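# Predicted coordinates and the sequence they were generated for:
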There are 2 protein chains.
Amino acid sequence: MIAVPGDEDGAQIHAISTNTSVFSKEEVETVDELWDEYQARGSERSGYYWLVDKEEDGRILGYACYGPRALTDRTYDLYWIAVDPNLRRGGVGRRLLAATEEAIRKLGGRLIVLETSGKPTYVPTRNFYLATGYTLEATLKDFYTDGDDLVIFTKYL
Amino acid sequence: MIAVPGDEDGAQIHAISTNTSVFSKEEVETVDELWDEYQARGSERSGYYWLVDKEEDGRILGYACYGPRALTDRTYDLYWIAVDPNLRRGGVGRRLLAATEEAIRKLGGRLIVLETSGKPTYVPTRNFYLATGYTLEATLKDFYTDGDDLVIFTKYL
């Protein structure tokens, strides 16, 4: 079930970040910082909106974090989307992404932009976005580090 | 003369932002926020580094603001560069840009990324970056608003 997460979900969100083998230590810390900001100031003031896919018993299957891009007219960044690695290919990612798009539409969003890595370990991630209607809009060579490109996807709502 | 600005330069920096006809009210406010962060916490902790082109008598001719991009290995964003509109074509922009690149090199920078607008009023800006060795790497259609694309330039150091 898609839900807006509460305080009690922070530890499970952190665990998913950690267990997702593709996130670096710095990336896990960044997700934690966005969570802390969201907890401290709420969505509107922090600019970070969260959704989770949550079981009846409270188990978190995955999360998404998004928000408006400063200085734009209704362009939204999809900052993070992650699924419990034991549940890959189970539809959790698609459900979260669809719910995120719906939420952004309700906020008046016009365009979604997301940045990901060009590394081989991100092939499934990039294929996921291509399969869900995103356009590979740009590649910035060696952006993250030598041999790790930035890949930008967009979807116009 | 290129210098690191001090407290006393804030008002002139704000004036240049305001007088630069291409900046929106929100953009001026954003520059002010980056300045306040820099004043409050310093370059390293705020992540915002500033340079100005300053006359002997203290007059500020232009400014640049840059900093490391989170989660990257030595990639730097050039956030803002602006010149007193009465001095356009006088070499201030080139001097500031060269000094910024030199400073980023000294910080160990590997790649500079800058984002600008695709609007017709930004033709001189885009030509300036092309003439100073930047590559137009990507265009995100209607990113800022309908009819206003995001244009990304890069320079590998």
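Structure's in. What do you need? Numbering: from 1, shown residues only, chains lettered A, B, ... in the order given.
# Going by C-alpha atoms from here, please, whenever you check contacts or count neighbours.
Will do.
# what's in contact with stretch A:62-70?
Contact with stretch A:62-70 is made by A:13, A:16, A:47-54, A:74-84, A:92-93, A:96-97, A:100, as judged by CA atoms under 8 Å, 6 or more residues apart in numbering or on different chains.
# Return the distance of that stretch from the chain's centre.
Distance of stretch A:62-70 from the chain centroid (CA atoms, centre = their mean, to the nearest Å) equals 6 Å.
# now swap in stretch A:38-58 and tell me
Taking mean C-alpha positions (CA atoms, centre = their mean), stretch A:38-58 and its chain are 12 Å apart.
# Alpha carbons only: can I get it in CSV?
Extracted C-alpha coordinates of stretch A:38-58, given in CSV (Å, rounded to 0.1, in the frame of the first residue of the first chain):
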residue,chain,number,x,y,z
TYR,A,38,11.6,16.2,6.0
GLN,A,39,11.0,15.0,9.6
ALA,A,40,12.1,18.3,11.1
ARG,A,41,10.4,20.7,8.7
GLY,A,42,7.7,18.8,6.8
SER,A,43,7.3,18.4,3.1
GLU,A,44,6.5,21.9,2.1
ARG,A,45,9.1,23.7,4.1
SER,A,46,11.9,21.2,3.5
GLY,A,47,11.0,20.7,-0.2
TYR,A,48,11.3,16.9,0.3
TYR,A,49,8.2,14.8,-0.3
TRP,A,50,8.3,11.0,0.6
LEU,A,51,6.2,8.0,-0.3
VAL,A,52,6.6,4.4,0.8
ASP,A,53,5.2,1.1,-0.2
LYS,A,54,4.1,-0.4,3.1
GLU,A,55,2.6,-3.7,4.2
GLU,A,56,-0.3,-4.0,6.6
ASP,A,57,2.2,-5.2,9.3
GLY,A,58,4.3,-2.0,8.9
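# Show residues contacting that stretch.
A:1-5, A:7, A:34-35, A:37, A:60-68, A:92, A:95-96, A:99-100.
# Can you point out the buried residues in the lengthiest helix in chain A?
Secondary structure of chain A per DSSP state H: the longest helix is helix A:25-46. Using 16 or more other CA atoms under 10 Å in any protein chain shown as the test for burial, helix A:25-46 gives A:27-28, A:31-32, A:34-39, A:46.
# repeat for stretch A:130-141
A:134, A:136-141.
# Output those of those also counted as contacts of chain B.
When the buried residues of stretch A:130-141 are checked against chain B using CA under 8 Å from any CA of the partner chain, the ones in range are A:137-140.
# Let's see which of those residues end up in strands.
If you go by DSSP state E, those have A:137-140 in strands.
# Reformat those residues into JSON lines and put pLDDT and distance to A:Tyr129 next to each item.
Compiled in JSON lines, these are given as follows (pLDDT from 0 to 100; distance: CA to CA, whole Å):
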{"residue": "A:Glu137", "pLDDT": "96", "distance to A:Tyr129": "12"}
{"residue": "A:Ala138", "pLDDT": "96", "distance to A:Tyr129": "14"}
{"residue": "A:Thr139", "pLDDT": "97", "distance to A:Tyr129": "15"}
{"residue": "A:Leu140", "pLDDT": "97", "distance to A:Tyr129": "18"}
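# want to throw the residues you listed into JSON lines with distance to B:Phe23?
Converted to JSON lines, these look like this (distance: CA to CA, whole Å):
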{"residue": "A:Glu137", "distance to B:Phe23": "26"}
{"residue": "A:Ala138", "distance to B:Phe23": "26"}
{"residue": "A:Thr139", "distance to B:Phe23": "27"}
{"residue": "A:Leu140", "distance to B:Phe23": "26"}
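# Before I go, just wanted to say thanks for your time.
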